[in-house]
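> Build me a structure from this.
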Amino acid sequence: MSSGLGIKRKVGKHSNNMVVSDPETLTEVQRLFSKVRHYVKPSSREWCIPDPNVCLKHQAEKHCRLQTLKESLNSVKNQLSDKNVQVWHQHTNSTNRAGKVIAAVRSAANPEICTQAWCKFYEILGSFNLFPDEVLQTGELNTVHLCEAPGAFITALNHYIKTSESTRYCDWSWAANTLNPYHEANGGSTTIADDRLIANTLPWWFFGSDNTGNIMIQKHLLELQVFVSNMHRVDIVTADGSFDCQENPDEQEALVASLHYCEVTAALLLLSPGGSFVLKMFTLYEYSSVCLIYLLNCCFHSVNIFKPATSKAGNSEVYVVCLNYDGKEAVRPLLSKLIRNYGMHLADQEALFPKTLIPQSFLKQHEEVCSYFHKLQVETITENLQLFEGMSTEQRQRLDYIRDCIAHEYLQRFQVSFLSRSRWISRNTVIPACCRISAGRPLGQKKQTGSFNERRELQNLTWRERIERGYHAAWIQKHSTEADGPSCVLEGSLSKCHVDSWYVIVGAALPALRNSPFCEGGLLNHLNEALTDTVVDWTCAPPCSSCHVVCAASILSSVAEICAFKGDSDGSQRKQQCLVFGSCSVWDACDSNIGDLTLTFSAEPSFPQRGYAPVHDGEPQYQQQLLGCVLFSLQTLNSGDALLLPVLSALTRVTAAVVLCLHTCFRSVTFRCPMPSGVVGTLLVCVGFSPEAAAPIVPVLTNVHNCMTQLLREEEGKSQSPEWRRQVLQFVPMEELLSGGLTEFLWTMNSEIIRQKLHVLMQS
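Numbers count the residues shown, from 1 in each chain. From the prediction side, this is the model:
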């Protein structure tokens, strides 16, 4: 094993306006940028892939020395259990030697999505030669990025290519995969909602045939291979995946082991000979990690364990940088077996290799690697604990000086140059959901609050107690007033509706709604928790006695005021029609006329079946009936007419698209909530119908409705398990759903619906 001989070192372009002269500082700076260990294969060639027939057949064995390191590290980390996570993060951010790098890079280079991940990958690009020789010879580069959201590795690579002398004229193609932030069944704890790059580059992202983006599904792995088959060769694969393990930090490595196995299998399948692979891992103590690192050493000429300077020194994160792939022909028999056993529990099965077939020479080097990074992490945590108790003025000044030196060294060492916005991957033609913020709505704070011990105590509380202690408590418990009214309006018909570009996406039916680009995630989590423990018949649930409930007559009167008499072609005057989906008794209408408005009543969509929570809009039959109501409206109403349509919510892409269609066809769309007893969800109030705007939409919605009906018919009489059911997930491209004011309207409406439901549940 070596300390990384051959690590790439660039000569900086930036003027050296900061001279570091004292040896102690120079040593500390160099040490921070040299946290790397390199496996050295013995000349005997004893490191070779074991016979596939003995793989995945033996029980995993714990490595005593590595388990001792694990216990030692966890005992040190356990000293943090009583620290408030936000206070502790603020402290460690201030002591992080590389803490000023991001700001320095942003100032000097104008990077796209400049996050910690951007700086880490740019550092990897500047430290290792990831580009195969063929790339420099042909000028063609093809890369695949797994578990990539929000896309900082891609934007860092773009920046590197376009500012580097050797690659600036490179013809670069890329593809990426991640858990789909727009798929409603993807859990919020595993799905990154930041869609800054995704929203503007959707055709380059692979989400699989079920649209989830879960790379740990076998068919998705094979589909991904087809997705990138237009690439002549794949030169680089990166895998930056992880799970939220903050509630069980001691077992982080074991929890993500199957994901790492899937990422490695995907890389071995996709990469061309000579290619490079960058894999994020954590501690390497578990036997699953031992086998995985050994496999990579058998498949690549060079394997390095690298801790970037810009990776916070107190965490367990390391990057496995693998160079010069032998090619899948060399690993094909084992690769076939890995693919056959591919899935979410790959690492939970028997060990990849029996311990007897892993050479002692490898184990010895691996122990040294683990000991090295264990020492660095323990030193950092121990220092942070000491500084947490108090930091002298001299210590703070010294630390600030080191942080300035590190930022300067980063720019120098990796030649970080300016890149104009016109050369970014995304020009922000679509404002993504994560960037749309209404000034009036409460924003959720970070998921982790309090100390680890306090968060563990929260798990034993009821959902009501968790809400009462949470960020949204005051807002949820606030009673509705008449002044709240229709606070958000979509005004003016949507003229830029590109119906010709709409397409239907069919995927696995939604078992639940855990995520939505049209709602604040913390609120949705609260609602799901509450509905798990509470059974409520929302059709007759009494509203909160202290809240102002919107009066049906008030809504009808306001619609009547907006609508005016309309002259027909023969010069006669006719009253405006208002189509109301719902029971006449619910609307408390004694006759069919309210002022100058003629009311027509029709049956509203039925409530969801099959155990769906009746405030979620993801159930297929409900969506089909809702779309049928909209189609009926567009084919029935005349110019200037109004529509009152109750909806459960608009958390899914399908219902969001329904609101978009209404926005296109009506002069104004607003919502009213809370509604009287008997009306679930909220009421969409649509005024000023335009038949001309509706004409091109009707055939498209008819096709979508027919598709939904056909899928429901196929399910009839079948005893399929939930994972095999299919439904329409989307029919309007996300680019259009995220444009204009629609996202903010939906965000406001969904938040208000969920708030009202939680408010009623809290009062009951």
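> Low-confidence ranges, the stretch 201-350 of the chain, go.
Where the stretch 201-350 of the chain drops to pLDDT under 70, the residues are 244-248.
> Would you map the strands across it?
205-206, 236-239, 276-281, 300-306, 318-325 (DSSP state E, counting those that start in this stretch).
> will you turn these into TSV that also has mean neighbour count and distance to residue 343?
No exception for glycine: its C-beta is placed from N, CA and C like everyone else's. Listed next are the strands of the stretch 201-350 of the chain as TSV, based on neighbours: other C-beta atoms under 10 Å; distance: least, C-beta to C-beta, whole Å:
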stretch	mean neighbour count	distance to residue 343
strand 205-206	20	18
strand 236-239	26	16
strand 276-281	24	18
strand 300-306	21	24
strand 318-325	23	22
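> In TSV, list these along with distance to residue 87.
Output for the strands of the stretch 201-350 of the chain, formatted as TSV (distance: least, C-beta to C-beta, whole Å):
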stretch	distance to residue 87
strand 205-206	37
strand 236-239	33
strand 276-281	27
strand 300-306	30
strand 318-325	26
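> Go through these and name the closest to residue 654.
Distance to residue 654, taken as C-beta to C-beta, is lowest for strand 205-206 among the strands of the stretch 201-350 of the chain, at 19.9 Å.
> Identify the residues contacting the residue lying closest to residue 217 once chain neighbours are set aside.
Leaving aside its chain neighbours, residue 217 sits nearest to residue 208 (6.6 Å; criterion: C-beta to C-beta, 6 or more residues apart in numbering). By C-beta atoms under 8 Å, 6 or more residues apart in numbering, residue 208 lies in contact with 214-215, 217, 219-220, 223-224.
> Buried subset of those, written for PyMOL?
Buried residues among the contacts of residue 208 (16 or more other C-beta atoms under 10 Å), as a PyMOL selection:
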select buried, resi 214+215+217+220+224
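> Can you flag which of the contacts of residue 208 belong to helices?
219-220, 223-224 (DSSP state H).
> which one of those is nearest residue 517?
Top of the list for closeness to residue 517, among the ones in helices among the contacts of residue 208 and by C-beta to C-beta, is residue 220 at 21.2 Å.
> measure that closest one to residue 167 for me?
30 Å (C-beta to C-beta, to the nearest Å).
> same thing with residue 316?
In terms of C-beta to C-beta, residue 316 sits 32 Å off from residue 167.
> Comparing those two, which residue is more hemmed in?
residue 316 (21 against 18; other C-beta atoms under 10 Å).
> Can you classify residue 553 as helix, strand or coil?
Of the three states, residue 553 takes helix under DSSP: H, G, I helix; E, B strand; the rest coil.
> Tell me the secondary structure of the residue nearest the centre of the chain, please.
Among the residues of the chain, residue 192 comes closest to the average C-alpha position under C-alpha atoms, centre = their mean, at 2.1 Å. With three-state DSSP as the basis, residue 192 sits in coil.
> Would you agree it is in contact with residue 151?
No - the criterion here is C-beta atoms under 8 Å, and residue 192 misses it with residue 151 at 9.6 Å.
> pretty sure residue 638 is in a helix, no?
No - judged by three-state DSSP, residue 638 forms no part of a helix; its state is coil.
> So what's the residue count around it?
Residue 638 has 12 neighbouring residues, counting by other C-beta under 10 Å.
> what does residue 389 give?
6.
> And it, how far from residue 101?
Per C-beta to C-beta, residue 389 is found 27 Å from residue 101.
> same deal with residue 286?
Residue 286 is 31 Å from residue 101, by C-beta to C-beta.
> what's the answer for residue 182, then?
Counting by C-beta to C-beta - residue 182 and residue 101 are separated by 32 Å.
> likewise residue 636?
From residue 636 to residue 101 the distance is 61 Å (C-beta to C-beta).
> So if I had to pick from these two, which one is more boxed in?
Ranked by neighbour count (other C-beta under 10 Å), residue 636 and residue 101 place residue 101 first, with 27 against 14.
> ok, the more buried one touching residue 404?
No - assessed by C-beta under 8 Å, residue 101 is found out of contact with residue 404, at 10.5 Å.
> wait, which of the ones in helices among the contacts of residue 208 is closest to residue 117?
residue 224 (21.2 Å).
> Could you report the separation of residue 238 from residue 85?
Between residue 238 and residue 85 the computed distance is 28 Å (C-beta to C-beta).
> Show me the chain divided up by domain.
Per automatic domain parsing, the domain ranges recorded for the chain read 23-423, 487-513+550-741.
> who wins for proximity to residue 759 among those domains?
domain 487-513+550-741 (8.3 Å).
> Who are the contact partners of residue 659?
So residue 659 contacts 490, 647, 650, 669, 684, 742, 745-746 (C-beta under 8 Å, 6+ apart).
> and residue 707, what element?
helix 697-715 (DSSP states H and E).
> Could you list the buried residues of that helix?
697-698, 700-701, 704-705, 707-708, 711, 715.
> now for that helix, which elements pack on it?
Under the contact criterion of 3 or more C-beta pairs under 8 Å, 6 or more residues apart in numbering; DSSP states H and E, helix 697-715 touches helix 620-636, helix 653-665, strand 726-730.
> now do 6 Å
Under the contact criterion of 3 or more C-beta pairs under 6 Å, 6 or more residues apart in numbering; DSSP states H and E, helix 697-715 touches helix 620-636, strand 726-730.
> Give me the contact list for that helix.
Outside helix 697-715, the residues within contact range by C-beta atoms under 6 Å, 6 or more residues apart in numbering are 499, 502, 504, 624, 627, 631, 634, 661, 726-728, 731.
> Just the mean pLDDT for stretch 373-383, thanks.
Confidence for stretch 373-383, expressed as mean pLDDT, is 97.
> neighbouring contacts of that stretch?
With contact meaning C-beta under 6 Å, 6+ apart, stretch 373-383 is reached by 69, 73, 76, 313-314.
> okay, now residue 312: neighbour count?
With other C-beta under 10 Å as criterion, residue 312 counts 20.
> Please disregard the earlier target; I meant residue 417.
Using other C-beta under 10 Å, residue 417 is surrounded by 16 other residues.
> In space, what's closest to it - neighbours in sequence excluded?
Nearest non-adjacent residue to residue 417, counting by C-beta to C-beta, 6+ apart: residue 163, 4.1 Å away.
> Run a quick neighbour tally on the one you found.
Neighbours around residue 163, by other C-beta under 10 Å: 17.
> does it really touch residue 416, like I thought?
No - the pair residue 163 and residue 416 fails to qualify as a contact (C-beta atoms under 6 Å) at a distance of 7.9 Å.
> so is residue 579 in a helix, a strand, or just coil?
strand.
> If I look at it, what pLDDT would I see?
So residue 579 comes in at 91 (pLDDT).
> now it: how far from residue 647?
In terms of C-beta to C-beta, residue 579 sits 15 Å off from residue 647.
> Between those two, which has more neighbouring residues?
Neighbours around residue 579 and residue 647, counted as other C-beta under 10 Å, are more numerous at residue 647. The numbers are 24 against 21.
> pLDDT wise, what is that one at?
Value for residue 647, per-residue pLDDT: 92.
> Now residue 619: phi and psi?
phi -70, psi 130 (degrees, to the nearest 10).
> quick one: it from residue 300, how far?
48 Å.
> Could you do residue 278 as well?
Distance from residue 278 to residue 300, counting by C-beta to C-beta: 11 Å.
> closest to residue 752 out of the domains of the chain?
domain 487-513+550-741 (5.1 Å).
> Convert the C-alpha atoms of stretch 358-370 to CSV, please.
The C-alpha coordinates for stretch 358-370 follow below in CSV (Å, rounded to 0.1, in the frame of the first residue of the first chain):
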residue,chain,number,x,y,z
ILE,A,358,-9.4,-13.2,0.0
PRO,A,359,-5.6,-13.0,0.1
GLN,A,360,-4.0,-12.0,3.4
SER,A,361,-1.9,-9.5,1.4
PHE,A,362,-5.1,-7.6,0.5
LEU,A,363,-6.5,-7.8,4.0
LYS,A,364,-3.3,-6.4,5.5
GLN,A,365,-3.4,-3.4,3.1
HIS,A,366,-7.2,-2.9,3.7
GLU,A,367,-6.6,-2.8,7.5
GLU,A,368,-4.0,-0.1,7.0
VAL,A,369,-6.4,1.9,4.9
CYS,A,370,-9.1,1.7,7.5
